[in-house]
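Engineer: give me the fold of what follows.
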Amino acid sequence: MLAVATLAVAVGSLVEVSLVTMQAWRGVASHFNQATGFDSAVFSLMGMTVGVIAAGIVVITFNAFRTFDADPAMVVGVRVGLLVLLAAQALGAAIIGNGLALGQSPTQTNLATFGDAGAMKVPHAVTMHGIQILPVLALLLASTSLPPRRRRNLMWVGAAGYAGPALASVLQTFQGRPPLSLTPVSGAIVLLSALLGGLAIVGLAAGSSSGKPQDIGS
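Structural biologist: Next up, the predicted model:
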């Protein structure tokens, strides 16, 4: 089942990106484009491939939480990254729902704008890339002299630091505010995230300054 889900995500992603690229090459909108029968079919096919991708990610996430034999930091990084990736799928569905609710042509308005100025693509993009960034941090931690428990704890700090901007961007978006027009709550979240990210980087640097990784002990 895991192999099938992984293949479905890979093939579905290839198909969706290819369809978006084809529409860009044709010089037309890739999303919400129902100008012709062909464009409508392309948009529908994109929706079906996204459904396949989302289902595959659910299966992969379930398996990652059921059994995952890896370095403790990598376990945290992958699991949190997959949860954030699931949030990206939900946010992508919200973009589609928003665009369909507006019922306008993509050439007339930005259908990924929520309310007055909420940029829905921002939280979608931030959450989309957690599955890439967090495992990279885990790999860097695994190359340090830090013991497993310390690596895992620092990974949690880094994961929390990454989740903060994602949460802040969601709050900004669904309040209809521009990404950089921070509210006091969003601003506090971003500052706390910066602090946590800095702590993770300091811990990584400290562990990288001495010998080989310690694979036993805490």
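Engineer: now do the contacts for residue 114.
Structural biologist: By Cβ atoms under 8 Å, 6 or more residues apart in numbering, the contact set of residue 114 is 98, 120, 173-174, 176. C-betas here are computed from N, CA, C, even on glycine.
Engineer: cool, and residue 78?
Structural biologist: 64, 68, 70, 131, 134-135, 138.
Engineer: just the buried ones among these, please.
Structural biologist: For the contacts of residue 78, a burial check counting by 16 or more other Cβ atoms under 10 Å picks out 64, 131, 134-135, 138.
Engineer: for the strand or helix carrying residue 190, name the packing helices and strands.
Structural biologist: For residue 190, the host element (DSSP states H and E) is helix 184-208. Contact here means 3 or more Cβ pairs under 8 Å, 6 or more residues apart in numbering; DSSP states H and E; on that basis helix 184-208 packs against helix 130-142, helix 148-174.
Engineer: in stretch 26-40, what's buried?
Structural biologist: In stretch 26-40, counting by 16+ other Cβ under 10 Å, buried: 28-33, 39.
Engineer: just the residues you listed: which are in helices?
Structural biologist: Among the buried residues of stretch 26-40, the members found in helices (DSSP state H) are residue 39.
Engineer: tell me the one of the buried residues of stretch 26-40 nearest residue 190?
Structural biologist: residue 31 (28.7 Å; Cβ to Cβ).
Engineer: would you agree that closest one is in contact with residue 40?
Structural biologist: No: applying Cβ atoms under 8 Å, one finds residue 31 not in contact with residue 40, separated by 11.8 Å.
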